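Asks: Whatever this is, show me its structure:
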Amino acid sequence: MVRILTLWLVALVMVGCSRQMPSIGEVALLGAEYPVGGEWPSRVDVAVDVDNAGGKLKLLRGRLRVSYDGRRVVVLTLERKVVVGGRASEQVVLPLKVSVARSSQSLALREALREGNLERISVDWQLALRRGVAYAELEQPMRPLGEVLEAEQREQLIEVLKSINE
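Replies: Now for the predicted structure:
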């Protein structure tokens, strides 16, 4: 289960970054908090290696929503502001709140991720950030996950999915 969540977090980082933003390296799950008797974590901390050639960047708000067959299943929300140092390579910790719909769609989504079947999975996201005095709110409307990620990123995602089944 934690591996599947890590996969979503990798997708969040891939989706939320464009060419003007820092490049992303390794992504690792640092910890997860589970509610009593819960199958899905309610909160996770993710470490991301970031190479930022530009100035200091502040992630003010962020949200990634994952849908399966058009129904929203998982929402990952940035819990607090995160600062990425300027002109440096460093590890940044992203504290994320996880909300999962308690429905048959969550089981179907988990199975699709295990099988590497991305056709019915869609994502949308919002990100508010500041670099210096510039402020931007970026948004991606609901699109299939396969369209949001570039071919190389899709291949990496499928490799991660295959490793989950081992």
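Asks: Could I have the CA atoms of stretch 104-119 written out in CSV?
Replies: Extracted in CSV, the C-alpha atoms of stretch 104-119 (Å, rounded to 0.1, in the frame of the first residue of the first chain):
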residue,chain,number,x,y,z
SER,A,104,-15.2,0.4,-4.7
GLN,A,105,-13.4,2.9,-6.9
SER,A,106,-10.5,3.0,-4.5
LEU,A,107,-10.1,-0.8,-4.8
ALA,A,108,-10.3,-0.6,-8.6
LEU,A,109,-7.7,2.2,-8.6
ARG,A,110,-5.3,0.1,-6.5
GLU,A,111,-5.7,-2.9,-8.8
ALA,A,112,-5.2,-0.8,-11.9
LEU,A,113,-2.0,0.7,-10.5
ARG,A,114,-0.7,-2.8,-9.6
GLU,A,115,-1.4,-4.0,-13.1
GLY,A,116,0.1,-0.9,-14.8
ASN,A,117,-3.2,-0.1,-16.5
LEU,A,118,-3.2,3.7,-16.7
GLU,A,119,-6.0,4.2,-19.3
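Asks: Could you list the buried residues of it?
Replies: Residues of stretch 104-119 classed as buried: Gln105, Ser106, Ala108, Leu109, Arg110, Ala112, Leu113, Leu118 (neighbour count, 16 or more other Cβ atoms under 10 Å). C-betas here are computed from N, CA, C, even on glycine.
Asks: In helices only, show me the residues you listed.
Replies: Gln105, Ser106, Ala108, Leu109, Arg110, Ala112, Leu113 (DSSP state H).
Asks: these two touch, right, Ala108 and Asp69?
Replies: Yes. With contacts counted by Cβ atoms under 8 Å, Ala108 reaches Asp69, the gap being 7.1 Å.
Asks: low pLDDT regions in the chain?
Replies: Applying pLDDT under 70 to the chain flags residues 1-21, 152-166.
Asks: mind listing the helices for it?
Replies: Going by DSSP H, the chain shows helices at 2-16, 104-115, 145-148, 151-165.
Asks: nearest to Leu149, of the ones in helices among the buried residues of stretch 104-119?
Replies: Leu113 (13.7 Å; Cβ to Cβ).
Asks: how far away is that closest one from Pro95?
Replies: 23 Å (Cβ to Cβ, to the nearest Å).
Asks: cool, Arg143 as well?
Replies: Arg143 is 26 Å from Pro95, by Cβ to Cβ.
Asks: got it, and Ala88?
Replies: In terms of Cβ to Cβ, Ala88 sits 21 Å off from Pro95.
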